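Trainee: Using only what follows, build the 3D model:
(chains A and B)
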Amino acid sequence: MKQTIKILASVFIMLSVFACNNASTDTTQYYCPMKCEGEKVYDEEGSCPVCHMDLVPVEESNKVLSDENEVSDASIFNLTSKWNTQNNETIELKELNGDVLVMVMIYTTCKAACPRLVADMRSISEKVDNKEVKYVLVSIDPENDTPQKLKAFAIENKMDTDQWVFLQGTVDDVREFSNVLSVKYKQISPLDFSHSNIISVFNKGGELHHQQEGLGVDNAETVSKILSLTK
Amino acid sequence: MSLSAISQNTEIIKGGTFVPLYGSDSSEVYVRDFELDVYPVTNEQYLNFVKQYPKWQRSKSLSLFTDKNYLRKWTSDTTLSSDMNLNSPATNISWYAAKDYCVCQGKRLPNMDEWEYAAMASQTMINAQRDSIFNSMIIESYELPKTYLKTIGSTYKNYWGIYDMHGLVWEWTSDFNSVLISGESRQDVDTERNLFCGSASVNATNLMDYAAFMRYALRGSVKANYSLQTLGFRCAKSINKK
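Mentor: Here you go, the predicted model:
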């Protein structure tokens, strides 16, 4: 019974924060898997008016939040965007709740800054050495960085454990998320972006607590911040 | 244009290439055909929006998405202050709120290239980037105080039939945070040198376009939850082709 209430509560919260879908309660809705029209949903089954692919039903997240459903005003768990992981699972950010989150934006074809950013992330993870931390790498090039490519990148960089999460979003959602992290980026050619190098630390409730800017900087402060948040 | 009653009219902007002040590595940018709102979104339209979507009312909006200046002059969640004109552009609105407003009208924010492309049109020319009279008109409008109090349609109608691209308020664009020009561009951005201080004035494609430089500088200096009195928005729409 308690479980049912929890599920109902979380579904209710999901619906109440869902953008512009005030009428989405009773009927199944459908979306285009290519997201030709962004997050647009349709009320009836059929094909996408743009690319003519079959529409697929919007699945309700059946995962129950691990602790209380209350999400603070400033938490990134208020975002309703959906992301594909390197293991081809679709998640919302709030499913990452319960762990300290260390986040960075990269792209896998990046030759200059990203390998150093990734090395910075690894260095932090080695110093922190705590299971209650997740390291999240969000691609700023979602058109090229498919879950398969992210998986290969994870393996290549020895980041293929539960603690490492690689995310592919839509172009719009990535842009929104970059704003949450105060990361700026711009595509300057098909496989090249310029971007700010910022590693962000969130507490278990998804609130931003610390940002480390720059490449190869001393990460002592970031590490101690992360450790203090795991307690 | 057949759009729902609360949604405002758009005009079609015929695509083409142009050279923005700050482009990609090949400095010419191609903009596809798109639709753009004829006017900036007004106080009245935004008021209707928050009545329909209470989550964007001042007291209910999340601090993740809005700063303290969000709808600052409103006297309550659904009341404008007495000196605000219903037909003036809506300002003190964050990027997240502007973006959601457009999505809820079945539209989106224009991207920076689209906005600049539409805004370079004068009354008679598609591209008035090199028209010194047009440019000085823009600069002069930037010097006027409190232009956000003017009503929509009170400036000029451009080649595309769009009003007020210059002269009322700055406007949000979907990818405003692709301008890497802020303080942090000195420290932690890997390659970008096109637009920062000294080098900007040397590398910028059109040295005449001081007005554009001011726009890009503003975009580079704001964050998505900022709500400024001089910053409004209008929506755009893609034109879907087979």
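
Trainee: which residues does the most centrally placed residue in chain B contact?
Mentor: With distances taken as Cα atoms, centre = their mean, residue B:171 lies nearest the centre of chain B, 2.0 Å away. The contact partners of residue B:171, by Cβ atoms under 8 Å, 6 or more residues apart in numbering or on different chains, come to B:40, B:115, B:231-234. (C-beta placed from N, C-alpha, C; glycine too.)

Trainee: Least confident secondary structure element in chain B?
Mentor: helix B:197-203 (a mean of 41; mean pLDDT, DSSP states H and E).

Trainee: any chance you could map the helices in chain A?
Mentor: Listed in chain order, the helices of chain A (DSSP state H) span residues A:2-17, A:113-128, A:147-156, A:171-180, A:220-230.

Trainee: from the contacts of residue B:171, which ones fall inside strands?
Mentor: Using DSSP state E, the members of the contacts of residue B:171 that fall in strands are B:231-232.

Trainee: Keep the contacts of residue B:171, but drop any that are not near chain A.
Mentor: Filtering those for proximity to chain A by Cβ under 8 Å from any Cβ of the partner chain leaves nothing.

Trainee: can you pick the most crowded of the contacts of residue B:171?
Mentor: Greatest neighbour count in those, by other Cβ atoms under 10 Å in any protein chain shown, goes to residue B:234: 30 neighbours.

Trainee: ok, now which ones touch it?
Mentor: Taking Cβ under 8 Å, 6+ apart, we find residue B:234 in contact with B:36-37, B:39-41, B:110, B:171.

Trainee: Most neighbours among those, which one?
Mentor: residue B:110 (29 neighbours).

Trainee: ok, the residue lying closest to that residue once chain neighbours are set aside to chain A distance?
Mentor: Distances taken as Cβ to Cβ, 6 or more residues apart in numbering or on different chains place residue B:236 nearest to residue B:110, at 3.7 Å, with adjacent residues excluded. Look at residue B:236 and chain A: by Cβ to the nearest Cβ, to the nearest Å, they are 13 Å apart.

Trainee: what residues are up against residue B:236?
Mentor: Contacts of residue B:236 were listed using Cβ under 8 Å, 6+ apart, and they are B:10, B:34-37, B:102, B:107-111, B:114.

Trainee: Dump those to TSV, plus pLDDT, secondary structure and distance to residue A:129.
Mentor: Shown next, in TSV, are the contacts of residue B:236 (pLDDT from 0 to 100; DSSP: H, G, I helix; E, B strand; the rest coil; distance: Cβ to Cβ, whole Å):
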residue	pLDDT	secondary structure	distance to residue A:129
B:10	95	strand	55
B:34	97	strand	51
B:35	97	strand	54
B:36	98	strand	53
B:37	97	strand	53
B:102	97	helix	45
B:107	96	coil	48
B:108	97	strand	44
B:109	98	coil	43
B:110	98	coil	47
B:111	96	coil	43
B:114	97	helix	48
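
Trainee: nearest to chain A, of those residues?
Mentor: residue B:108 (6.9 Å; Cβ to the nearest Cβ).

Trainee: wait, doesn't that closest one sit right on residue B:174?
Mentor: Yes - between residue B:108 and residue B:174 there is a contact at 6.5 Å, judged by Cβ atoms under 8 Å.

Trainee: how about the nearest residue to residue B:152, chain neighbours excluded?
Mentor: Ranked by Cβ to Cβ, 6+ apart and with sequence neighbours excluded, the top spatial neighbour of residue B:152 is residue B:39, at 4.1 Å.

Trainee: Would you check that that neighbour makes contact with residue B:165?
Mentor: No - here residue B:39 lies out of contact with residue B:165, judged by Cβ under 8 Å, at a distance of 10.2 Å.

Trainee: and residue 51, how many neighbours?
Mentor: By default, I'm working from chain A. Count around residue A:51 with other Cβ under 10 Å applied: 14.

Trainee: look at chain B instead
Mentor: Residues lying near residue B:51 (other Cβ under 10 Å) number 12.

Trainee: residues contacting it?
Mentor: Residue B:51 is in contact with residue B:78, counting by Cβ under 8 Å, 6+ apart.

Trainee: Got phi/psi on it?
Mentor: Backbone torsions for residue B:51, taken as degrees, to the nearest 10, come to phi -70, psi -40.

Trainee: low-confidence ranges in chain A?
Mentor: A:1-27, A:38-39, A:59-69 (pLDDT under 70).

Trainee: can you list the domains in it?
Mentor: Domain assignment for chain A, taken from automatic domain parsing, gives A:2-57, A:76-230.

Trainee: Deepest in the core, which of those domains is it.
Mentor: Across those, the average number of neighbours (mean count of other Cβ atoms under 10 Å in any protein chain shown) peaks for domain A:76-230, which reaches a mean of 19.

Trainee: tell me how far the ends of that one are from each other?
Mentor: For domain A:76-230, the first-to-last residue distance is 18 Å (Cα to Cα, to the nearest Å).

Trainee: which residues in chain B form helices?
Mentor: Going by DSSP H, chain B shows helices at B:43-52, B:95-104, B:112-119, B:132-143, B:197-203, B:210-221.

Trainee: Which of those comes out lowest on mean pLDDT?
Mentor: Averaging pLDDT over each of the helices of chain B singles out helix B:197-203 as the lowest, with a mean of 41.

Trainee: Run a quick neighbour tally on residue B:33.
Mentor: By other Cβ under 10 Å, the residues close to residue B:33 number 12.

Trainee: How much space separates it from chain A?
Mentor: For residue B:33, the distance to chain A - Cβ to the nearest Cβ - is 15 Å.

Trainee: what do you get for residue B:221?
Mentor: From residue B:221 over to chain A the distance is 11 Å, taken as Cβ to the nearest Cβ.

Trainee: For the helices of chain A, give me a markdown table that also has distance to chain B.
Mentor: Formatted as a markdown table, these follow (distance: least, Cβ to the nearest Cβ, whole Å):
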| stretch | distance to chain B |
| --- | --- |
| helix A:2-17 | 7 |
| helix A:113-128 | 4 |
| helix A:147-156 | 18 |
| helix A:171-180 | 4 |
| helix A:220-230 | 14 |
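
Trainee: low-confidence ranges in chain B?
Mentor: In chain B (pLDDT under 70), the answer is B:1-7, B:23-26, B:181-208, B:241-242.

Trainee: quick revisit: go through the helices of chain B and name the closest to residue A:168.
Mentor: The closest of the helices of chain B to residue A:168 is helix B:95-104. By Cβ to Cβ, the value is 20.4 Å.

Trainee: ranking the contacts of residue B:236 by neighbours, who comes first?
Mentor: Per-residue neighbour counts (other Cβ under 10 Å) across those peak at residue B:110, which has 29 neighbours.

Trainee: Just list the residues touching that one, thanks.
Mentor: The neighbours of residue B:110, taking Cβ under 8 Å, 6+ apart as the test, are B:34, B:36, B:118, B:173-174, B:234-236.

Trainee: For the residues you listed, name the two members farthest from one another.
Mentor: Applying Cβ to Cβ across the contacts of residue B:110, the maximum distance is between B:118 and B:174, 13.7 Å.

Trainee: Would you mark the buried spots in stretch B:97-108?
Mentor: For stretch B:97-108, the neighbour count (16 or more other Cβ atoms under 10 Å in any protein chain shown) marks B:97-105, B:107-108 as buried.

Trainee: If you could redo that for stretch B:214-230, that was the one I meant.
Mentor: By 16+ other Cβ under 10 Å, the buried positions in stretch B:214-230 come out as B:215-216, B:218-220, B:222, B:224-228, B:230.
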